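In: Please find the sequence and the predicted model below.
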Amino acid sequence: MTIRAVLWDIDDTIFDYSGADRAGMRKHLEIEGLPAAYRSPEHALDVWKAVTDVQWARFAAGELDFQQQRRERVRAFLGRWLSDAEADGWFGRHADHYEASWALFPDTVPVLDRLAGSFRHAVLSNSTVHHQDRKLRALGVRDRFEAVVCAAELGISKPEAGAFHAACQALELDPHEVAYVGNEPDIDAAGAVAAGLTGIWLDREGQGGRPELVRITGLDELPGLLAGNTRFGAPDTFR
């Protein structure tokens, strides 16, 4: 099997979404004030993450559009009804702090540099092209990727096979020629495998426990894996 391209997830894979989101929300709450329902900023941050996960899943399932999921996150977090304009304003103020905290993981650019001459690169994300393209440009890496393919425009999202196949089609490659790297074991790695790609789970937190998946704990392990130099204890996918 010859891998010719790497397809990338963005959030919490190459971009520290969780870190930026928590830092941005912490700053936002310092200015807006901590809602009475929360006993501490850490409690509020944990609830914000849980609310985000729920509403993002609704967006990925097609129940909400991108702007609607943002509004529903705000309403659920604050525990009260707000008009669309009020919810948009609250989220927009948070977004200013969130975007000020945007950063790539330290291993992202070094690994993209190491892989640049050997593999083609593209993005598949369960977001919108507008949002992710703007993010990649702000982070200075948009030119590293031939294509940015996103669920909102496709009408289907990971882990559906059609999402992975659409990204492969954008590269004009067959699924078996493409490796997918993402931080979610089921949505990213297992979904990619089911679609005929080589799925690689980036387990930055060292959760483990999924021996059926090809797993790395940092992007610095990826070049060796793609070159077939080591299996990292994972299934014998690269031959």
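Out: Good, I have the coordinates.
In: what does stretch 170-179 contact?
Out: For stretch 170-179, the external contacting residues (Cβ atoms under 8 Å, 6 or more residues apart in numbering) are 1-7, 120, 122, 146-147, 149, 164-165, 167-168, 192, 195-200, 226. No exception for glycine: its C-beta is placed from N, CA and C like everyone else's.
In: other SSEs contacting the longest helix seen in the chain?
Out: Determined from DSSP state H, the single longest helix within the chain is helix 41-60. Helices and strands touching helix 41-60, by 3 or more Cβ pairs under 8 Å, 6 or more residues apart in numbering; DSSP states H and E, are helix 17-32, helix 66-78.
In: Reformat the ones you listed as CSV; add mean neighbour count.
Out: Shown next, in CSV, are these (neighbours: other Cβ atoms under 10 Å):
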stretch, mean neighbour count
helix 17-32, 17
helix 66-78, 18
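In: Let's have these in CSV, adding mean pLDDT and distance to residue 213.
Out: Shown next, in CSV, are those (pLDDT from 0 to 100; distance: least, Cβ to Cβ, whole Å):
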stretch, mean pLDDT, distance to residue 213
helix 17-32, 95, 21
helix 66-78, 96, 28
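In: between those helices, which gets nearest to residue 103?
Out: helix 17-32 (6.6 Å; Cβ to Cβ).
In: which other helices and strands contact that closest one?
Out: So helix 17-32, by 3+ Cβ pairs under 8 Å, 6+ apart, packs with helix 41-60, helix 84-100.
In: Show residues contacting that helix.
Out: So helix 17-32 is contacted by 10-12, 41, 44-45, 48-49, 52, 90, 93-103 (Cβ under 8 Å, 6+ apart).
In: How far off centre is that helix?
Out: Per Cα atoms, centre = their mean, to the nearest Å, the displacement of helix 17-32 from the mean C-alpha position of its chain is 18 Å.
In: Also stretch 87-98?
Out: The chain centroid and the centroid of stretch 87-98 are separated by 20 Å under Cα atoms, centre = their mean.
In: Cool, thanks, signing off.
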